[in-house]
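Peer 1: 3D model of this:
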Amino acid sequence: MRADPQSFDRVLSSMCTEPHPVAREAAERFLATNPGDPATYPTVAEREERAVSLLGDVAGLDDPAGYVASGGTEANVQAVRVARNRSVTQVPNVVVPESAHFSFEKAADVLAVELRQVPTDDDLRVNLAAVHEAVDEETALVVGVAGTTEYGRVDPIPELAEIAHDADALFHVDAAWGGFVLPFTDHDWHFGHAPVDTMTVDPHKMGQAAIPAGGFLVREESLLDALAVDTPYLESTSQATLTGTRSGAGVASATAVMEELWPDGYRETYERAQANADWLADALAERGDEVVEAALPLVAADVPEESFEALRDEGWRISRTASGELRVVCMPHVTREMLEDFVADLDRLG
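Peer 2: Below you'll find the predicted structure:
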């Protein structure tokens, strides 16, 4: 029996969403193309150059370099790889907040670097004093997060950049989820706000591109030299990406949707998502649940275990933070009606 794709009408935990119609159409047109071989597939290669340029607009970088990756994990691995390959230390270390995405654990394992995880403060942002203490002469990379996956927090990016560069380390910002909402906030988070070296920002999350479409950006194109390998049997002579064959569908969809929505459409998406998050946070607080302030369109709240499991049994796709709070991400597919139905079910089941 042929299975239909899952409906999004009860998905509240995912940081991916339904692709925008223009992203769907572009993805289908470019299904058989491979930007990993740009000389053979020049049209999608041109689309990727355009995507990188648009990502630079989003991330405050006038002359960006980089590429469309498979997602945030690959981009974060590449940031660690750049730093490791440029380091003169035998086993360099990478300093990350405990709130960082688990992809950094994968990167440390694959690349044989030491991962130093430092605690967050009372506001769930990285503790700067702990970063100072963790950084030393063997630090190759310091990481800040702009939109944490559990609480939507933005680390103090300018201060982290200063710590990193004082230690002669590179500085990476993981804005995989936050990158398409933060331009419409007052947060300091991007290349224009601080001397960021590398950044992860994913069009297939709040950007509404088709999966896979992550983004890896570098301030200086020379940073990509640390990743380049020779490709003797291809028409192009070298490759800085992690994977060889890549999705032309992802590249084309990212370009199409950014051209369609940047900036006004994304601003409207953010404002609607933030309003939904604020509404949900207020509704849960009114029920007596302890709620973490929704700094970005993500709500975390203490909900009893039995209520959480009952909601899952009702078909709601929800998740918990590491500390056990209910976690709801107000992605573009999440409507006020969905949230009203969710709270009504919580009242009925709780």
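Peer 1: tell me what the longest helix along the chain is packed against?
Peer 2: Counting residues, the longest helix in the chain under DSSP state H turns out to be helix 264-286. Packing partners of helix 264-286 (3 or more CB pairs under 8 Å, 6 or more residues apart in numbering; DSSP states H and E): strand 291-292, strand 298-301, helix 336-349. The way it works is simple: take the backbone N, C-alpha and C, and place the C-beta from them, glycine included.
Peer 1: those strands in this protein, which residues are they?
Peer 2: Secondary structure of the chain, counting by DSSP state E: strands at 65-69, 93-97, 114-118, 139-145, 170-174, 198-200, 214-218, 229-230, 238-239, 291-292, 298-301, 319-320, 326-329.
Peer 1: Okay, the residue nearest to A285 when sequence neighbours are not counted and Y151: tell me how far apart.
Peer 2: Spatially, and ignoring its direct neighbours in sequence, A285 is nearest to V291 (4.8 Å; CB to CB, 6 or more residues apart in numbering). To Y151, V291 is 11 Å away according to CB to CB, to the nearest Å.
Peer 1: go on, A210?
Peer 2: 27 Å.
Peer 1: Among the two, which residue is more densely surrounded?
Peer 2: A210 (27 against 24; other CB atoms under 10 Å).
Peer 1: just checking, that one touches S253?
Peer 2: Yes: counting by CB atoms under 8 Å, A210 touches S253, with 4.0 Å between them.
Peer 1: Give me the common contacts of these two.
Peer 2: P19, A23, R24, A26, A27 (CB atoms under 8 Å, 6 or more residues apart in numbering).
Peer 1: In those, find the pair that's most separated.
Peer 2: P19 and A26 (9.2 Å; CB to CB).
Peer 1: shared neighbours, those two?
Peer 2: A210, S253, V257.
Peer 1: what sits against R50?
Peer 2: Taking CB under 8 Å, 6+ apart, one finds T255, E259 in contact with R50.
Peer 1: That one and D202: what is the separation?
Peer 2: 17 Å.
Peer 1: tell me the domain ranges of this structure?
Peer 2: Split into domains by automatic domain parsing, the chain comes to 21-261, 264-349.
Peer 1: now do the same end-to-end measure for the shortest one.
Peer 2: I take that to be domain 264-349. 39 Å (CA to CA, to the nearest Å).
Peer 1: need the contact list for E221.
Peer 2: A65.
Peer 1: N85 now?
Peer 2: Contacts of N85 (CB under 8 Å, 6+ apart): A226, L227.
Peer 1: try 10 Å this time
Peer 2: Applying CB atoms under 10 Å, 6 or more residues apart in numbering, we find N85 in contact with P92, L111, A140, L223, D225, A226, L227, A228.
Peer 1: Could you do S319 as well?
Peer 2: So S319 contacts L12, S13, S14, T149, E150, F308, R312, E325, L326, R327, V328, V329 (CB under 10 Å, 6+ apart).
Peer 1: Contacts only, for the residue positioned nearest the centre of the chain.
Peer 2: In the chain, the centroid-proximal residue (CA atoms, centre = their mean) is A176; its distance is 1.2 Å. Counting by CB under 10 Å, 6+ apart, A176 touches 15, 71-73, 75-76, 101, 103, 145-147, 149, 199-202, 204-206, 214-215.
Peer 1: same thing but 8 Å
Peer 2: M15, G71, G72, A75, N76, H101, G147, T200, V201, D202, K205, G214.
Peer 1: Go ahead and confirm E114 touches S87.
Peer 2: No: counting by CB under 8 Å, E114 stays clear of S87, with 11.2 Å between them.
Peer 1: Compare neighbour counts for those two and give me the winner.
Peer 2: A direct count of neighbours by other CB under 10 Å for E114 and S87 places S87 higher, at 21 against 14.
Peer 1: With the flanking residues excluded, which residue is spatially nearest to the more buried one?
Peer 2: Closest to S87 by CB to CB, 6+ apart is A140, at 4.1 Å.
Peer 1: show me the residues around that neighbour that make contact.
Peer 2: A83, R84, R86, S87, T89, P92, N93, V94, V113, A169, L170.
Peer 1: same thing but at 6 Å, please
Peer 2: A83, R84, S87, P92, A169 (CB atoms under 6 Å, 6 or more residues apart in numbering).
Peer 1: Kindly provide the distance from it to R272.
Peer 2: 40 Å.
Peer 1: now D63
Peer 2: Counting by CB to CB - D63 and R272 are separated by 32 Å.
Peer 1: burial of Q117, as a residue count?
Peer 2: Around Q117 there are 18 residues (other CB under 10 Å).
Peer 1: same question, E260
Peer 2: 15.
Peer 1: Could you report the neighbour count for the residue lying closest to it once chain neighbours are set aside?
Peer 2: Spatial nearest neighbour of E260, excluding adjacent residues (CB to CB, 6+ apart): V22 at 4.8 Å. Other residues lying near V22 total 18 when counted by other CB under 10 Å.
Peer 1: Any chance of JSON lines for the shared contacts of P19 and A26, columns distance to V299 and pLDDT?
Peer 2: Listed next are those as JSON lines, based on distance: CB to CB, whole Å; pLDDT from 0 to 100:
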{"residue": "A210", "distance to V299": "26", "pLDDT": "97"}
{"residue": "S253", "distance to V299": "28", "pLDDT": "98"}
{"residue": "V257", "distance to V299": "25", "pLDDT": "98"}
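Peer 1: Show me which of those residues is closest to T33.
Peer 2: S253 (11.7 Å).
Peer 1: Report the contact partners of the closest one.
Peer 2: A23, A26, A27, A209, A210.
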